[in-house]
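J.: here's my sequence, what's the structure:
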Amino acid sequence: MRLSEADLHEFIEIYREESGETLSLAEASEMTFRLIHLYTQLTKALPSEQKDVSNEEDSPSG
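T.: Residues are numbered from 1 along each chain as shown. Predicted coordinates for the structure are as follows:
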């Protein structure tokens, strides 16, 4: 997922307000990439949960 330059500037502003540090566009791009990747990994189902979901899909309803 690519963020627009406007999105990166918004992230830079939020980061500056919270930390007092100003990021470059390159730093903001790297940080947002890492945050999105982390969020993606955290929202994936665990292997045990994936098994439960597939079992529910296979069971007859009703």
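J.: next, count neighbours for residue 19.
T.: 9 (other C-beta atoms under 10 Å). C-beta coordinates here come from the backbone N, C-alpha and C atoms, glycine included.
J.: for residue 12, see how far away it is.
T.: 11 Å (C-beta to C-beta, to the nearest Å).
J.: do the same with residue 22
T.: Residue 22 is 7 Å from residue 12, by C-beta to C-beta.
J.: more neighbours: the two, which one.
T.: Comparing residue 22 with residue 12 by other C-beta under 10 Å, the one with more neighbours is residue 12, at 20 against 11.
J.: could you check how far residue 50 is from residue 43?
T.: Distance from residue 50 to residue 43, by C-beta to C-beta: 13 Å.
J.: and if you look at residue 22?
T.: 30 Å.
J.: and residue 50 and residue 43? which has more neighbours close in?
T.: residue 50 (11 against 7).
J.: measure that one to residue 38 for me?
T.: In terms of C-beta to C-beta, residue 50 sits 20 Å off from residue 38.
J.: got it, and residue 27?
T.: 16 Å.
J.: ok, these two, which is more surrounded?
T.: Between residue 27 and residue 38, residue 27 has the larger neighbour count (other C-beta under 10 Å), namely 15 against 10.
J.: tell me the secondary structure of the more buried one, please.
T.: Assigned by DSSP: H, G, I helix; E, B strand; the rest coil, the conformation of residue 27 is helix.
J.: tell me the pLDDT at it?
T.: At residue 27, the predicted lDDT confidence score is 98.
J.: ok, residue 61 next?
T.: 57.
J.: again with residue 45
T.: 80.
J.: if I look at it, how far off is residue 3?
T.: Per C-beta to C-beta, residue 45 is found 26 Å from residue 3.
J.: residue contacts, residue 21?
T.: Applying C-beta atoms under 8 Å, 6 or more residues apart in numbering to residue 21 gives the contacts residue 15.
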